[in-house]
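Peer 1: what follows is a predicted protein model with its sequence.
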Amino acid sequence: MSVRPMTQVTSISSRSGGGAISIVTWDDTVWADLPDREEAGSPNVIGAVALGVAIETLLELGFDEMLAHEVKLGRRLVEGLSEISGVTVLGGVEPGKSGTRLALASFVVEGLHHGLVAAALSHEWGIAVRHGCFCANPYVFHLLHMSKADVATVEGEVTAGRRKALPGAVRASLAPYNTEAETDRFLEAVRQVARGRIKATYVQAADGTYAPSGGWPRIPTALHAVVKH
């Protein structure tokens with residue numbers, strides 16, 4: 001095993017640390033000269049270590065085993081959603097070849113705004129989903145069978161600042177750490193929402209999103225306890 005000279009280590013560390021600014025005061029920031037001001041700063045050492053542990057965990061679980069688990073959950077998810085009255089799975093429900101369809105599904109609930117469905121799943125069931133157009137507006141419009149005239153009308157509304165008119169869907173994504181029980185619980189939550197069994201009252205904001213009336217409840221954490229005391 002060889003040991004690098006201290007001078008060499010010092011030289012390396014001086015080039016990989018921070019240095020984007022020359023000085024920061026209460027009223028101003030003086031940026032360093034180029035190219036230092038564009039550097040990323042201190043290396044993400046914690047992130048690198050976490051990445052290494054994550055890779056080791058994935059290798060230990062086995063990629064073939066994780067894929068088989070995801071395929072099984074994905075099939076359960078899609079088939080379950082397709083059996084709920086009032087729910088339409090976008091893109092069809094036909095299973096792909098083994099391992100070719102991801103364990104996720106985008107869907108709409110008849111008569112309910114996608115933002116309201118997402119808010120109810122989160123607030124009343126503790127289930128996190130994504131809703132909207134998923135950074136793929138034209139494709140979502142296509143899946144929703146919207147005509148060019150429909151899209152033009154929505155574009156006019158959104159351009160005028162009325163984002164409540166923006167259509168979209170709800171997307172649920174599963175991963176290797178999810179279970180069949182969690183998938184079934186999600187399906188039951190969607191079933192209840194689709195039946196109109198939404199317990200709380202929700203308010204739609206100007207950006208189209210929904211939140212419980214009175215705001216989202218604060219979730220106490222260990223950090224809150226430390227700050228409080």
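Peer 2: The structure has been received and is ready for your questions.
Peer 1: pLDDT averaged over the longest helix seen in the chain - what is it?
Peer 2: Longest helix of the chain, by residue count under DSSP state H: helix 63-82. Helix 63-82 comes out with an average pLDDT of 93.
Peer 1: direction included, what does the helix or strand following it pair against?
Peer 2: With elements assigned by DSSP states H and E, the helix or strand that comes after helix 63-82 is strand 87-89. Strand pairing for strand 87-89, using DSSP bridges, gives strand 104-109 (antiparallel).
Peer 1: now the residue nearest the centre of the chain, what are its backbone angles?
Peer 2: Centroid-nearest residue in the chain, with C-alpha atoms, centre = their mean: Arg130, separated by 5.7 Å. Dihedral angles of Arg130 (phi, psi; degrees, to the nearest 10) stand at phi -110, psi 150.
Peer 1: helix/strand/coil for the closest residue to it other than its chain neighbours?
Peer 2: Spatial nearest neighbour of Arg130, excluding adjacent residues (C-beta to C-beta, 6 or more residues apart in numbering): Arg171 at 4.8 Å. For every residue, glycine as well, the C-beta is placed using N, CA and C. Assigned with DSSP: H, G, I helix; E, B strand; the rest coil, Arg171 falls in the strand class.
Peer 1: pLDDT at the residue nearest to the centre of the chain, what is it?
Peer 2: 96.
Peer 1: could you measure from it over to Glu182?
Peer 2: 17 Å (C-beta to C-beta, to the nearest Å).
Peer 1: likewise for Ala194?
Peer 2: Ala194 is 19 Å from Glu182, by C-beta to C-beta.
Peer 1: those two: who's more crowded?
Peer 2: Ala194 (20 against 13; other C-beta atoms under 10 Å).
Peer 1: surely the residue nearest to Arg130 touches Cys133?
Peer 2: No: in this structure, Arg171 is not within contact of Cys133 by C-beta atoms under 8 Å, at 10.2 Å.
Peer 1: can you read off the pLDDT for Gly18?
Peer 2: Gly18 is given a pLDDT of 64.
Peer 1: swap in Ile12?
Peer 2: For Ile12, pLDDT reads 41.
Peer 1: and what of Ala169?
Peer 2: The model's pLDDT for Ala169 equals 97.
Peer 1: hey, what's the residue lying closest to it once chain neighbours are set aside bridged with?
Peer 2: Excluding the flanking residues, the one nearest Ala169 by C-beta to C-beta, 6+ apart is Ser106, at 4.6 Å. Beta-bridge partners for Ser106, by DSSP bridges, are Arg171.
Peer 1: ok, how many other residues are close to Ser106?
Peer 2: Around Ser106 there are 23 residues (other C-beta under 10 Å).
Peer 1: please, where are all the strands along this protein?
Peer 2: Using DSSP state E, the strands of the chain run over residues 21-24, 29-31, 87-89, 104-109, 130-132, 169-173, 202-204, 210-212.
Peer 1: and the gap between the residue nearest to the centre of the chain and Tyr202?
Peer 2: Where Tyr202 is concerned, Arg130 sits at a distance of 17 Å (C-beta to C-beta).
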